[in-house]
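Participant: model the following, please.
(one chain, ligands or ions: 1)
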Amino acid sequence: MGLMGDAVRTQGLFKRFGQQVAVGGVDLIVPRGSFAGLVGPNGAGKTTTLGMVTGLLRPDGGRAEIEGHDVWTDPVGVKSNIGVLPEGLRLFERLSGRELLTYNGRIRGISPEETRRRADELIQVMDLVESQDKLVVDYSTGMRKKIALAAALLHNPRVLFLDEPFEGVDPVSANTLVDVLRRYTSSGSTVIFSSHVMDLVERLCDWVSVMNRGQIVAQGPLTEVRGERTLNEAFLQLVGARGNGEEGLSWLGSPTA
Ligand SMILES: Nc1ncnc2c1ncn2[C@@H]1O[C@H](COP(=O)(O)OP(=O)(O)OP(=O)(O)O)[C@@H](O)[C@H]1O
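Facilitator: As a prediction, this is how the structure comes out:
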């Protein structure tokens, strides 16, 4: 039974790669309608956690639920409810942007007319009208993000997962993406995105989960996690700002002998 009110809920989620524990018992909670940020240093386990939550990676232990559907016993219930902007933006390179959306509409069982209507709007909003017939392989990094986001939104998922959605996106397009995502969450849908950019998370998110070394070290409303500090300060305290050896690297920048 899923708890009402949570878009995502995991219990003791666990994953190891050989000897390495990547995710060591994670209880991730994201309330419905949140604009949620998942943050943590490199190697904290964010991608591995999101992989297990979205059904791409099989957990070694624990459970994950999306909108009350168990990710591993009810994969269809889960997959029809989610959209994913994949890590590394694996897309069908030999389709045009327009064709990619048409294809997505078809595999999601949306009628051709409705798919065309939604694709038209998404292409317009993402400012891809002029490049809609170009092959995805010829898109820039930012254009790839935008068409991938359009593809992830086309079936109007309840929960949207985004891995570093703003990386390589120009400021004008970033504002557009933010507007689209805000509109999306204000109607009760949920966005979860991973990011290293604390200012962005602080500006956009109303909910934050902080991971470190495979564990959740803080989680809750942004204002509570941040307290009186900036999110960046809170983050550095939570994950233990490592004094990375000021005494090291003495050779760096000094004239060679
Ligand atoms: N396929 C894999 N095989 C072996 N080790 C892995 C694999 N995937 C992840 N790991 C290890 O699991 C740990 C967590 O990695 P993960 O990619 O989930 O971190 P992350 O928080 O997403 O990091 P980043 O911010 O750098 O993307 C790391 O120590 C990583 O080396």
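Participant: residue 165 in helix, strand or coil?
Facilitator: coil (DSSP: H, G, I helix; E, B strand; the rest coil).
Participant: for it, which residues are in contact?
Facilitator: Residue 165 is in contact with 85, 145, 149, 177, 193, 195, counting by C-beta atoms under 8 Å, 6 or more residues apart in numbering. Quick note: C-beta positions are derived from backbone N, CA and C, even for glycine.
Participant: residues contacting the last one?
Facilitator: Translated: residue 195. Contact analysis of residue 195 by C-beta under 8 Å, 6+ apart lists 37, 38, 39, 164, 165, 166, 201.
Participant: ok, back up a step: and the contacts of residue 165, which two are furthest apart?
Facilitator: Across those, the longest distance by C-beta to C-beta is 14.4 Å; it joins 149 and 195.
Participant: can you pull out the helices in the protein?
Facilitator: Secondary structure of the chain (DSSP state H): helices at 46-53, 75-79, 97-107, 112-125, 141-153, 171-186, 198-204, 222-226, 231-238.
Participant: can you pull the pLDDT of residue 12?
Facilitator: We have a pLDDT of 97 for residue 12.
Participant: ok so, going back, between the helices of the chain, which one is closest to the ligand.
Facilitator: The ligand sits nearest to helix 46-53 of all those, at 3.2 Å, using C-beta to the nearest ligand atom.
Participant: by contact count, what packs against that closest one?
Facilitator: strand 6-17, strand 20-26, strand 35-39, strand 61-66, strand 159-163, strand 190-194 (3 or more C-beta pairs under 8 Å, 6 or more residues apart in numbering; DSSP states H and E).
Participant: the third one - what's its average pLDDT?
Facilitator: In this model, strand 35-39 has an average pLDDT of 96.
Participant: near the ligand, anything from it?
Facilitator: No. Using C-beta under 6 Å from any ligand atom, strand 35-39 stays clear of the ligand, with a minimum separation of 8.5 Å.
Participant: contacts for that strand, please.
Facilitator: Contact partners of strand 35-39, identified using C-beta under 8 Å, 6+ apart, comprise 28, 30, 46, 49-50, 181-182, 185, 190-196, 198, 201, 204-211, 222, 235.
Participant: need the buried ones from these selected in ChimeraX.
Facilitator: Only the buried members of the contacts of strand 35-39 enter the following ChimeraX selection, criterion being 16 or more other C-beta atoms under 10 Å:
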select :28,30,46,49,50,181,185,190,191,192,193,194,195,198,201,204,205,207,208,209,210,211,222,235
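Participant: within reach of the ligand, which of the contacts of strand 35-39 are there?
Facilitator: Answer for these near the ligand (C-beta under 6 Å from any ligand atom): residue 46.
Participant: what residues are up against the residue nearest to residue 146 when sequence neighbours are not counted?
Facilitator: Of all residues not flanking residue 146 in the chain, residue 126 sits nearest, at 4.2 Å (C-beta to C-beta, 6 or more residues apart in numbering). By C-beta under 8 Å, 6+ apart, the residues touching residue 126 are 146, 147, 149, 150, 173, 176, 177, 180.
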